[in-house]
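Visitor: Model the following, please.
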Amino acid sequence: MASKANNNVDDPGAFPSREWLRNICVGKTVTFETRKQGATAGDRVYGLLFMPDPIDKSNTWNLSVESVRRGFCTPKVLGGETDTPETEDSNGVEDYEKALQIAYKEALSNRLGVHAPQPVVRKIINAGEDFPAMTLYEKSKRLCTNSAVTCVIEYVFDGSRFRCIVTDPDLETAGLLYGSFTLILAGVGCPRLGSAKSNPPTPNEPYAVEARDFVELRLLQRELKVTLLGTDKSGVCLVGTVHHPRGNIGAEILKNGLGRISDWTIRMMSPGDVPPLRIAENAAKRANLGVFENYTPPKLTGASEFLGTVVEVLSGDTLLILPNGEIYDDDSKLKKVSLASIRAPRAGNEKLGKADEPYAMECKDRLRVLTIGKPARVNIHYEKEIPIGQNKTEKRQFGTISVAKKDDIGEVLIAEGLATTQRHRDDDEKSIRYDDLVAAESMAKAANKGVHSQAEYKKKSINDLSDPKKAKTYASSLQRAGMTKAVVDYIFNGSRFKLFVPSENCYIMFALSNIRCPQPSPNPGASTKGQTKAAEPFGDNSKRHSRLNVMQRTVEINCTGVTQGGVMTGDLFVGTGAQRRDYSVELVASGLATVDQRKIDYGEAPKILIDTQTAAQNNKLGIWSVEQVKKNMPETKAYDRAEERTVDIQVSEIRNGNTFFFRVVGDESAQVIDNSMKVFTETNGTNGAPCDIKVGKVVASLFNDGSSNSWYRAKILEKLANGKVKVLFVDHGNVTTVKAATQCRPLDVALSTESIPAVAKEAQLAMTKVRSITEDDGIEAARMFQQAAWGKDLKARLHGETDGKVLVTLYESDIDAPSINEKMVAEGLAITGKKYEVYEILDRMGNSDLLAQLVKDLNAAQEKARSSRKGMWIYGEIPEEDED
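Guide: Numbers count the residues shown, from 1 in each chain. Model (predicted):
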């Protein structure tokens, strides 16, 4: 027979001989008679095989004699007398030898088998070496009857891998007859046999021998139809289904516990062929047969089925659900459930520089639309330990979620091409609807939907208006838009949200005007660095109420203003039709928010809010159920403050020891205006032009920066004699006197401060006072400040604005190091204000914890300067009139 030793070519007539014997006896009942054992035969025994004549059952065939008669083999000893009459002394051996010689002469005279003029010679071709395995798959679909190839199972590697020889005449024209290939049984994975030749030797996996023997008994040397489904990753082995006349061999393997369902090959099968395999495997699991002898059903820590309301969509396949009957008084009441056997595209991580996977945003939003705020039925199938950080895990439940008429929202996501099925290991638990999910994925692939599309994915770019400057620029357009639809993306507290505005394609920070919600507790695991405000009574209740009622819902907003910190303010409405309601009124009515007292004092608060708050007070709801704490501080007029933030700045002008102008490093507006004024200079030259000289008006003024004259934006501060004016260069902060006729000209409308706000901001070192620049201590203070700040990139913590100046804590590099404010006070060149002044500023800034800490640090530094007699403390105490 053909082998590598003879270049895969049979001896003449060898293959027909083997095929006759295989067809006549494989799978049939035979009798045998042993004769002898060769000296070098090992465990091989020589003998005779007998079986009934297929035509006349009363006669018995000696298979050796019948094979010789048909020319499929020859006697080892040729010749001898065949016409010697039989005697009583004749024995069975002589009769057998005589029968062989008679049969041999018959075959020789009839020119049969190997005695034919040209005996059949077979040449085996191997998949992967002589032809691509994929070619056999494609030709079988086109040429073979019912797309099934006739093959002989030549060898069984293990229960799910065989070597096959193509014997289908339909493939002879394609040159694939007698093609040899490895077949992987679709849908089934059996234990592997070990190898004694490997180093070190590998043992058999449990039940590997039993699985091989089971398959050999039923398939080995059988000529069967095989439907090919594709190839493995290497492209050498083919995957297919074997059609046995007695049934499904894959289902029989699984039913007896001799293998598991193979996830990657079952995906190639037709959905209609999968259920029998699932049923067989489940039966083996229940009976603990074979490889499932130690199988136990997944144990769940909670109910396997429950009803609830979807509160939040965390990702494209994970949700937070509040079970029915549970009171949402703690976040632990929410159940985190992931869709079983679903893999949604992963969201990225900006901090790690990891981008979103394609369609991650679309998948999450589709899941939000399908589920948020809706009643859902949850069936839990299994649980897993999921890593959530360094050396940390959480037990996550995986299940099927049904909402309204959608029996499985995971299947909806897969059918729309927004998610894929999870590739499980063969022994992993999976969704009971896994086959339906795989079928839906196959349809989505065929339609090239979503993640299966061949087109290049283009991520939608969304404008983030959380930056105060951008927010102020867009504020007017949002206010003009009136009632606008938005989606609540995140909740900071009960009345402050991050919203996505689809019509403007932007994210905005939004706060309900006229009301204030208590401060909630910081998020678990959040990095606070000691700067977080303490939680106030009912702060968490207020936040939970908003999560339950508006989180990720589509709402309507009406923007009416914007704060210095870039937070849009206005009204928010939730619900539709008869359920539409003003969310501010809902919070106040529940006692989870208070009406801003300043708005009440100024007569700006709507009457409905005041009346609603009065009712909540009378009923002692929420906040009003506890005694209100009054501040023991001087009553001062409060102001809206900007959100405290830290930025990189450069000082552009120093007025005295604690007053200066600065520009934010990387400010796009600064680059735009600098470039625009260069173009303005090149276009208009350096000659002045008549313009309207009014105090407060912004014009272009000529200034020599040391290299050449250029035009800069300047605000007229004062008219002087002789046609001169005093101007402030708004983008740098310096003040000078220029001639109106020759050093001023009108400014283009596009370059006005209404179009591009002034780049330089006037600031003051927070909580400090210095002496006038006309005094020695004032000059020393200015010099120290110049040495510390001029020409450097500094860190600035902006606390807010008062009297037109930004209050700043300034750092040379590290914000955890002592600030320049503290250093000035420590050298006795600056002092803190009086207590009532400090209280007033703290009240204006909303009693900032950072400012309060700064005051403590300044007081400690001042005490050291006083005791060391530094600077202004050289004579001990500073006279009260000097402090002013």
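Visitor: Quick one: neighbours of residue 569, just the number.
Guide: Residues near residue 569, counting by other CB atoms under 10 Å, number 20. Using the backbone N, CA and C atoms, a C-beta is placed for each residue, glycine as well.
Visitor: Would you give the sheet partners of the helix or strand where it lies, along with the direction of each?
Guide: Using DSSP states H and E, the element containing residue 569 is strand 568-574. Paired neighbours of strand 568-574 in the sheet (DSSP bridges): strand 506-512 (parallel), strand 554-562 (antiparallel), strand 581-582 (antiparallel).
Visitor: right, and residue 660 touches residue 760 too?
Guide: No. Counting by CB atoms under 8 Å, residue 760 is not a contact partner of residue 660; they are 9.6 Å apart.
Visitor: The two: which has the busier surroundings?
Guide: residue 660 (27 against 22).
Visitor: which ones are touching that one?
Guide: Taking CB atoms under 8 Å, 6 or more residues apart in numbering as the contact definition, residue 660 lies against 651, 652, 653, 654, 733, 762, 763, 764, 785, 789.
Visitor: Let's see that with 7 Å instead.
Guide: 651, 653, 654, 763 (CB atoms under 7 Å, 6 or more residues apart in numbering).
Visitor: Can you classify it as helix, strand or coil?
Guide: Using DSSP: H, G, I helix; E, B strand; the rest coil as the criterion, the local structure at residue 660 reads strand.
Visitor: now do residue 499
Guide: strand.
Visitor: Now do it, the pLDDT please.
Guide: Residue 499 is assigned a pLDDT of 95 by the prediction.
Visitor: Could you pull out the strands in the stretch 751-884 of the chain for me?
Guide: Taking DSSP state E, counting those that start in this stretch, the strands of the stretch 751-884 of the chain run over residues 761-765, 794-802, 805-811.
Visitor: returning to that earlier point: so which residues make contact with the strand holding residue 569?
Guide: Identification of contacts with strand 568-574 by CB under 7 Å, 6+ apart yields 471, 475, 478, 508-513, 549-550, 553, 555-563, 580-584.
Visitor: Show me the helices in the stretch 251-400 of the chain, by range?
Guide: 263-266, 275-287, 360-371 (DSSP state H, counting those that start in this stretch).
Visitor: Kindly reformat those helices as JSON lines containing distance to residue 600.
Guide: Output for these, formatted as JSON lines (distance: least, CB to CB, whole Å):
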{"stretch": "helix 263-266", "distance to residue 600": "65"}
{"stretch": "helix 275-287", "distance to residue 600": "67"}
{"stretch": "helix 360-371", "distance to residue 600": "37"}
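Visitor: Make TSV from these and add mean pLDDT to it.
Guide: As requested, the helices of the stretch 251-400 of the chain are exported to TSV (pLDDT from 0 to 100):
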stretch	mean pLDDT
helix 263-266	90
helix 275-287	93
helix 360-371	95
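Visitor: Just put those in a markdown table and tack on mean neighbour count and distance to residue 722.
Guide: Formatted as a markdown table, the helices of the stretch 251-400 of the chain follow (neighbours: other CB atoms under 10 Å; distance: least, CB to CB, whole Å):
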| stretch | mean neighbour count | distance to residue 722 |
| --- | --- | --- |
| helix 263-266 | 21 | 91 |
| helix 275-287 | 17 | 99 |
| helix 360-371 | 21 | 64 |
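Visitor: Minimum distance to residue 854: which of those helices has it?
Guide: Each of the helices of the stretch 251-400 of the chain was scored for nearness to residue 854 using CB to CB, and the closest is helix 360-371 (40.7 Å).
Visitor: list the helices and strands that closest one packs on?
Guide: If contacts are counted by 3 or more CB pairs under 7 Å, 6 or more residues apart in numbering; DSSP states H and E, helix 360-371 sits against strand 305-315, helix 409-415.
Visitor: Now do the most centrally placed residue in the chain, the pLDDT please.
Guide: Of all residues in the chain, the one closest to the mean position by CA atoms, centre = their mean is residue 346, 1.3 Å from it. Looking at residue 346, its pLDDT reads 92.
Visitor: tell me the contacts of it?
Guide: Residue 346 makes contact with 357, 360, according to CB under 7 Å, 6+ apart.
Visitor: now residue 733
Guide: Contacts of residue 733 (CB under 7 Å, 6+ apart): 652, 653, 661, 760, 762.
Visitor: If we use 8 Å, what do you get?
Guide: 652, 653, 655, 660, 661, 662, 760, 762.
Visitor: Kindly confirm my reading that it forms part of a helix.
Guide: No. Under three-state DSSP, residue 733 falls outside any helix and is assigned coil.
Visitor: Distance of it relative to residue 706?
Guide: 17 Å (CB to CB, to the nearest Å).
Visitor: what's the angle between the top strand by length along the chain and strand 305-315?
Guide: The residue-count maximum for a strand in the chain (DSSP state E) belongs to strand 375-389. With axes from the mean of the first three to the mean of the last three CA atoms, to 10 degrees applied, the angle from strand 375-389 to strand 305-315 works out at 50 degrees.
Visitor: contacts for strand 375-389?
Guide: Here strand 375-389 has contacts from 298-310, 321, 324, 335, 337, 340, 393-403, 429-432, using CB under 8 Å, 6+ apart.
Visitor: which residues touch the nearest residue in space to residue 460 that is not next to it in sequence?
Guide: Among residues not flanking residue 460 along the chain, residue 361 sits closest, at 6.9 Å (CB to CB, 6 or more residues apart in numbering). By CB under 8 Å, 6+ apart, the residues touching residue 361 are 347, 459, 460.
Visitor: just the residues you listed now: which is nearest residue 756?
Guide: Closest to residue 756 out of these is residue 460 (28.4 Å), distances taken as CB to CB.
Visitor: Now for that closest one, how many residues are close by?
Guide: Neighbours around residue 460, by other CB under 10 Å: 7.
Visitor: How about residue 123?
Guide: Neighbour number of residue 123 under other CB under 10 Å is 13.
Visitor: Any idea how far stretch 566-584 is from the middle of the chain?
Guide: Per CA atoms, centre = their mean, to the nearest Å, the displacement of stretch 566-584 from the mean C-alpha position of its chain is 31 Å.
Visitor: May I see the buried residues of it?
Guide: Of the residues in stretch 566-584, 566-575, 582-584 count as buried by neighbour count, 16 or more other CB atoms under 10 Å.
Visitor: ditto for stretch 386-405
Guide: 397, 398, 399, 400, 401, 402, 403.
Visitor: Quick one: end-to-end distance for it.
Guide: With CA to CA, to the nearest Å as the measure, stretch 386-405 spans 31 Å from end to end.
Visitor: pLDDT score assigned to residue 777?
Guide: Confidence score, pLDDT, at residue 777: 87.
Visitor: Could you find the closest non-adjacent residue to it?
Guide: Distance criterion CB to CB, 6+ apart; nearest residue to residue 777, sequence neighbours excluded, is residue 771 at 4.6 Å.
Visitor: Contacts for stretch 104-111, please.
Guide: 68, 69, 70, 71, 74, 75, 78, 82, 113, 115, 117.
Visitor: This completes my enquiry, with thanks.
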